[in-house]
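In: below is the sequence, then the predicted model.
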Amino acid sequence: MVATSMCPVDRIIVPLDVSTEATALEWLDRLPTVTFWKVGLELFVGAGPQILKILKQRQKRIFLDLKFHDIPNTMAGACRSAAGYGVDLLTVHAVAGEIALKAAQTAAIEGAAAIGIQPPRVIAITLLTSLTARALAFELKVPLELTDYALQMALLAQESGLAGAVCSPQEVKQLRNSLGPEFVLVCPGVRPKWAETGDQQRSLTPAAALEAGADYLVIGRPITASPDPVAAFDRICEELG
Ligand SMILES: O=C(O)c1cc(=O)[nH]c(=O)n1[C@@H]1O[C@H](COP(=O)(O)O)[C@@H](O)[C@H]1O
């Protein structure tokens, strides 16, 4: 778990959920106090890896959220390549299974070592925050309680040597209690009381998510869809004290 003395600003990760480099740069300029940015599939596919170089030049921390889910050999190759970008966090899906997760972790370390940089912390998606208990049971046909399922996926990640997991704020307390203080827990699906929930199904407020044991919060549309994104970001930081 990150030090609780860490400035709340540094615990908020803002996703650059846009498709062009130019729009991403506008966000970097509009929100200069954000220290940790997420590059996900939309921007990476739309603009390519150049955006990662720009973020590094601006001394921002990077969460590269490509959610790899494939056979072990392919996961390893993708993680080896991604580790070369010098990002801080990198996502894979826990459901890829133990062999693939171990291969991903090993390859990330090797990829970074080959060019003499720090490896990313590889973290596993447990259950997407857009899914409900009903979807887990009736669409994915998983016969476990949702929190138990998220915990099992996080335990699989931990046993496979990964640094952490992504979970909804509603599961984070139980995961923190079971996985210990060192395991990194990142929570998307966080919503201040004054923001729209959108497609997020298992939300808590930013303060409640940190209180429950999250290390980092991924907060997008409450900031980026606000009429005044700077004020929205500042308000969230203030609410976190
Ligand atoms: O890996 C993620 O970051 C992620 C995992 C998850 O389970 N749910 C989830 O919403 N995310 C990401 O977190 C961000 C949430 O954005 P907002 O819903 O706009 O706050 C998006 O970029 C999602 O891709």
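Out: The structure has been received and is ready for your questions.
In: rest of the way, CA atoms for contacts and neighbours
Out: OK.
In: which other residues reach the biggest helix by length in the chain?
Out: Longest helix in the chain by number of residues, with DSSP state H as the criterion: helix 98-114. Applying Cα atoms under 8 Å, 6 or more residues apart in numbering, the contact partners of helix 98-114 are 70-73, 75-84, 86, 92, 94, 118-120, 122, 156-157, 160-162.
In: contacts for the helix or strand hosting residue 25, please.
Out: Using DSSP states H and E, residue 25 maps to helix 21-30. Contacts with helix 21-30, where a contact means Cα under 8 Å, 6+ apart, come from 16, 18, 34, 43, 47, 51, 230.
In: and the lengthiest strand in the chain, what does it pack against?
Out: As assigned by DSSP state E, the longest strand anywhere in the chain is strand 61-68. Judged by 3 or more Cα pairs under 8 Å, 6 or more residues apart in numbering; DSSP states H and E, strand 61-68 is in contact with strand 36-40, helix 50-57, strand 89-93.
In: just the buried positions in the second one, please.
Out: Going by neighbour count (16 or more other Cα atoms under 10 Å), the buried part of helix 50-57 is 51-52, 55.
In: the ligand contacts on this protein?
Out: Residues of the chain found near the ligand, taking Cα under 6 Å from any ligand atom as the criterion, are 15, 17, 65, 127-129, 188-189, 218-221.
In: quick one: the strands in this structure?
Out: 12-15, 36-40, 61-68, 89-93, 121-125, 164-166, 184-187, 216-218.
In: strand partners (parallel or antiparallel) of the fifth one?
Out: For strand 121-125, the paired strands and their directions (DSSP bridges) are strand 89-93 (parallel), strand 164-166 (parallel).
In: what angle sits between it and strand 61-68?
Out: Relative orientation of strand 121-125 versus strand 61-68 (axes from the mean of the first three to the mean of the last three Cα atoms, to 10 degrees): 50 degrees.
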